[in-house]
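K.L.:
Just a sequence and a predicted model for now, questions to come.
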There are 2 protein chains.
Amino acid sequence: MSDKRFAVASEHSLMRVFTVPEAPDSTLSKIEAEISSNLAGFLNENIAAVEKPLHEIERDFESAQIPEEPMFVSAHAQDIMDKLVAHSVHTAAPSFIGHMTSALPHFVLPLSKLMVGLNQNLVKIETSKAFTPLERQVIGMLHHMAYDRKQGFYDKWMHSAKTSLGAFCSGGTVANITALWIARNRLLKPEGDFKGIGAQGLIAAMFHYGYKGLAVLVSERGHYSLGKSADLLGIGRDHFISIPTDKDNKVDVEAMRKEAQALQAQGIKVMAIVGVAGTTETGNIDPLNEMADLAAEIDCHFHVDAAWGGATLLSQNARHLLAGIERADSITIDAHKQMYVPMGAGIVLFKDPTATDAIEHHAEYILRKGSKDLGSHTLEGSRPGMAMLVHACLRIIGRKGYEMLIDKSLDKARYFADLIKAEPDFELISEPELCLLTYRYVPEAIKARLKTADEQTKLDIYAALNRLSASMQKRQREAGRSFVSRTRLTPPEYDYQPTVVFRVVLANPLTSKEILQNILAEQRELALSDPMYKKYLAKYL
Amino acid sequence: MSDKRFAVASEHSLMRVFTVPEAPDSTLSKIEAEISSNLAGFLNENIAAVEKPLHEIERDFESAQIPEEPMFVSAHAQDIMDKLVAHSVHTAAPSFIGHMTSALPHFVLPLSKLMVGLNQNLVKIETSKAFTPLERQVIGMLHHMAYDRKQGFYDKWMHSAKTSLGAFCSGGTVANITALWIARNRLLKPEGDFKGIGAQGLIAAMFHYGYKGLAVLVSERGHYSLGKSADLLGIGRDHFISIPTDKDNKVDVEAMRKEAQALQAQGIKVMAIVGVAGTTETGNIDPLNEMADLAAEIDCHFHVDAAWGGATLLSQNARHLLAGIERADSITIDAHKQMYVPMGAGIVLFKDPTATDAIEHHAEYILRKGSKDLGSHTLEGSRPGMAMLVHACLRIIGRKGYEMLIDKSLDKARYFADLIKAEPDFELISEPELCLLTYRYVPEAIKARLKTADEQTKLDIYAALNRLSASMQKRQREAGRSFVSRTRLTPPEYDYQPTVVFRVVLANPLTSKEILQNILAEQRELALSDPMYKKYLAKYL
């Protein structure tokens, strides 16, 4: 095709691409029907993933050249169904129990299309209109879920131009960063001639307040995004102090208190302590009330990272597990985890409606003072209307629906824990408090051997078990029938040595007891055929 | 309904909500068809928004109580069509020329549904598989667009487990923060006993390197997210130095040089200079080559914020406007702006493939060393597969298609500028360099009066014109036929006084010349009927 013909053909087709397809029998409607059917087919497959080595998949994505010529939508759609969808991870599969991504309620799909089509930008009213009050309501609802203030409080603050009860963001990481940013800026606030850290920076703030440094204290099970926040905010990862947990993976508050006192004695100000409500690896909840007491004692910000566990507040039967969360100055919750919203919906809530003043910012063309633009209190700028999907889930599932989902997940986790304990060649490493647990495969004979082994033999067996667990997890993923994840803990029963364990998250409503039984059976088979078993473990049998 | 009946009915319906709807005549399919038709109806309306005062809309979103009982999907869908969609902003309307949100190519809608349905999490391979190589390819393609390295470079780095040529994120703000974070950490890197700012924090870094402070220099037209970055990173907004622009809104590099020298003389290290490639308010591009020279001279990071203008590189006819961008250490580009991708697709690119080492992080359960998990080099954690939509646009529109879109936008902006200049009662304030321009309404008699007025009268007229412009913009938005935005500049022709102007962005391919003519006609009518006109301006006529 000559360049001229290309240009003519394509100017016409380019305009068409931006015009609304009216006819239900248009080409795009047909492609959409095909994509939907392909998606339904994929989601109906009962496997975690079709296995193809990554380096082979990479071959389909190796050119760095943007294609010169346009491509037909149908050809592109076919291509990605073959090369992308077929080699995606079936995160919604009932046997995919390794990560915090689960099945979605299907009504979110048409609503997502609506959200994308409306293409609102929540940074400002001028590009979002009704979406802004909707987002403020969703934040208000979650604030109410956590802090349970009276409606009068929400009448006053929820739609106030002056402030925000929280901030929507892309995920828990940005939520945690925002919370610690606010904690830092409220601590090092303007005073006298000092204009505050936001204006003058960390060095001037340290001089003004006479601190030698700042620190943040958190359980050793805290999420890695907290360390990232400490780096970003200029505090430094070394001042992000990891406090040991006791055997149930809850932070030792007494150890935290001693550390805080030691730091303050050195002139280092504890800027915040962070409670974890649902550790990523084991799903345990820190003693939030004791931590709130400590925060009051040492006068610091108390943040709770409830990215995973926050949704538990929706169950009247389980919310007691998070007792004390209402005393937190800020709370992170991920709607894309146990609230079954698609990826990209994090929220940070603030107890005090004026908290966001500490990071308020304005511009000339938007976010003018007195506007209700959400962007004046968020870390991010332009943002999609994801709040619409949280709103839909809260209304369509309802509080009671969520209660049922949460309660069932907890039951399922207890069932799986019992199942593991009943098997002589498995070992439960962490009991489920929420719907997460960790375990590993340990042959009976090895268990017996460990009881009498000398120190060196023990350590050798530990190393062999770690190799076996890591290899099993990888081979199970590659086989593609099911998926568990793995992590490394330091449990007392393994003399606090690094211990590779399987980690499961049982939030998918479609995961049945039978699937859990099958997963153990599959793992037993994988263990016995594992090269690491023969190479390292067999000699101790 | 008794609680017991609720529970039974709802356990069944809850499970159904998570099961794939197979039948094309299922209730959900019917609701989807209705939503699609409602969306198409909304997108076909030729107005910017249906007007209803915000405080009235807020009444529909005032309860902070999460509904107890579940709601039918159909009832929810009807409800949001009435209360949310009807009061959304029609950002895709051809007469909505006020912000950087434009019409979308319609093929992104079915693809978005696919993306949401697959619900991949790009933080790690285990929840994204083929999406990870796809995202790395898209980053590679944009890197190639900007830096034009040979394919061998991309063969080596694009899919490397060690690094990343850039980072996908939710938008330009996170992209800018990431770039400056990396600039800060590379400057204050580990050296001898010092473990680097990431580990030891800003105070220790200042002591080690002997700096009294850090500074970032940028044009007074720089985006507000850069000031937010300076706050977040602990540098302080006061050390985020605003450099004047000359009359074409490009930064005065000589003034920047002098400021940099003065700062260095005080012991303050210039950490980065930031070039703007497409200022948010006027669309101008800083002299990037001169800035690259300056960065080399003072040995600092050179970041280019091309959130808006980056897509211009896709046009062979226009890319010369960004000459020098290939010398930048990092570049921000928003695909959800001139690349016509839905909201939520920012990218930061790095010239040096090892740049992201400075913010690398790991965890036990994911992001293990040697993995190809994208999350070890991003500010965000869990992220959706938005790269899929950028990939689709790059292929379906193609480089030549983008070239046509970009070139047409530039032509349209020049056409509108000429139109404004030809009208005696309008005034062009900033000439379009990209497809943005600013202007205002100034009656001929006022223009004449200003030529002879004394200083005080001049200032009074300026104030009256500002009131009029602000009021006109608000009333035009409320009338809902069209939308321009407004900002405040300090143009020389108004003696560098704060001047309220209309700001337009002409990127919507569907905006016709006729629409532009109508907008001026509408504004003239609005001006003459404006209460501010009578109250403040009429007396000078």
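P.N.:
Great, that's in hand.

K.L.:
what's the spacing between A:Leu537 and chain B?
P.N.:
Distance from A:Leu537 to chain B, counting by C-beta to the nearest C-beta, to the nearest Å: 22 Å. To be clear about C-beta, it is placed using only N, CA and C from the backbone, and glycine gets the same treatment.

K.L.:
Next, that residue: phi, psi?
P.N.:
Phi and psi for A:Leu537, reported as degrees, to the nearest 10, are phi -100, psi -30.

K.L.:
From what I see, it and A:Ala445 are in contact.
P.N.:
No - counting by C-beta atoms under 8 Å, A:Leu537 stays clear of A:Ala445, with 9.7 Å between them.

K.L.:
More neighbours: the two, which one.
P.N.:
Between A:Leu537 and A:Ala445, A:Leu537 has the larger neighbour count (other C-beta atoms under 10 Å in any protein chain shown), namely 23 against 13.

K.L.:
In contact with the residue lying closest to the more buried one once chain neighbours are set aside, which residues are there?
P.N.:
The shortest distance from A:Leu537 to any non-neighbouring residue, by C-beta to C-beta, 6 or more residues apart in numbering or on different chains, is to A:Ala464 (4.5 Å). Going by C-beta atoms under 8 Å, 6 or more residues apart in numbering or on different chains, A:Ala464 touches A:Met532, A:Tyr536, A:Leu537, A:Tyr540.

K.L.:
Need the three-state assignment for A:Ala464.
P.N.:
Following DSSP: H, G, I helix; E, B strand; the rest coil, we place A:Ala464 in the helix state.

K.L.:
Please report the distance of it from A:Tyr536.
P.N.:
4 Å (C-beta to C-beta, to the nearest Å).

K.L.:
any idea how far A:Ser471 is from the residue nearest to A:Leu537?
P.N.:
Taking C-beta to C-beta, one finds A:Ala464 at 11 Å from A:Ser471.

K.L.:
list the residues that contact both of the two?
P.N.:
A:Met532.

K.L.:
Helices of the stretch 301-450 of chain A, start to end?
P.N.:
A:387-422, A:444-452 (DSSP state H, counting those that start in this stretch).

K.L.:
Name the stretch among those helices that sits most buried.
P.N.:
With neighbours taken as mean count of other C-beta atoms under 10 Å in any protein chain shown, the helices of the stretch 301-450 of chain A reach their highest mean count in helix A:387-422, at a mean of 21.

K.L.:
quick one: that helix near chain B?
P.N.:
Yes - Helix A:387-422 reaches chain B (C-beta under 8 Å from any C-beta of the partner chain) through A:388, A:391-392, A:394-401, A:404-405.

K.L.:
Tell me the secondary structure at A:Lys247.
P.N.:
Assigned with three-state DSSP, A:Lys247 falls in the coil class.

K.L.:
For it, grab phi and psi.
P.N.:
The phi/psi pair for A:Lys247 (degrees, to the nearest 10) reads phi -70, psi -20.

K.L.:
Tell me, how many residues neighbour A:Lys52?
P.N.:
Quick note: A:Lys52 (other C-beta under 10 Å) scores 15 neighbours.

K.L.:
Mind pulling up the pLDDT for the closest residue to it other than its chain neighbours?
P.N.:
Spatial nearest neighbour of A:Lys52, chain neighbours left out: A:His87 (5.6 Å); criterion: C-beta to C-beta, 6+ apart. Residue-level confidence at A:His87 comes out at 91, pLDDT.

K.L.:
What separation do you get for A:His87 and B:Ile125?
P.N.:
11 Å.

K.L.:
Please apply the same query to A:Arg467.
P.N.:
Distance, A:Arg467 to B:Ile125, by C-beta to C-beta: 21 Å.

K.L.:
quick one: which of the two has more around it?
P.N.:
More crowded of A:Arg467 and B:Ile125, by other C-beta under 10 Å: B:Ile125, with 21 against 18.

K.L.:
Could you pull up the contacting residues of A:Val73?
P.N.:
Applying C-beta under 8 Å, 6+ apart to A:Val73 gives the contacts A:Thr27, A:Leu28, A:Ile31, B:Phe107, B:Ile396.

K.L.:
An error on my part: the question was meant for A:Val218.
P.N.:
The contact partners of A:Val218, taken as C-beta under 8 Å, 6+ apart, are A:Leu226, A:Phe240, A:Ile241, A:Ser242, A:Ile243, A:Val251, A:Ile273, A:Val274, A:Val276.

K.L.:
quick check, nearest of the residues you listed to B:Lys372?
P.N.:
A:Leu226 (24.0 Å; C-beta to C-beta).
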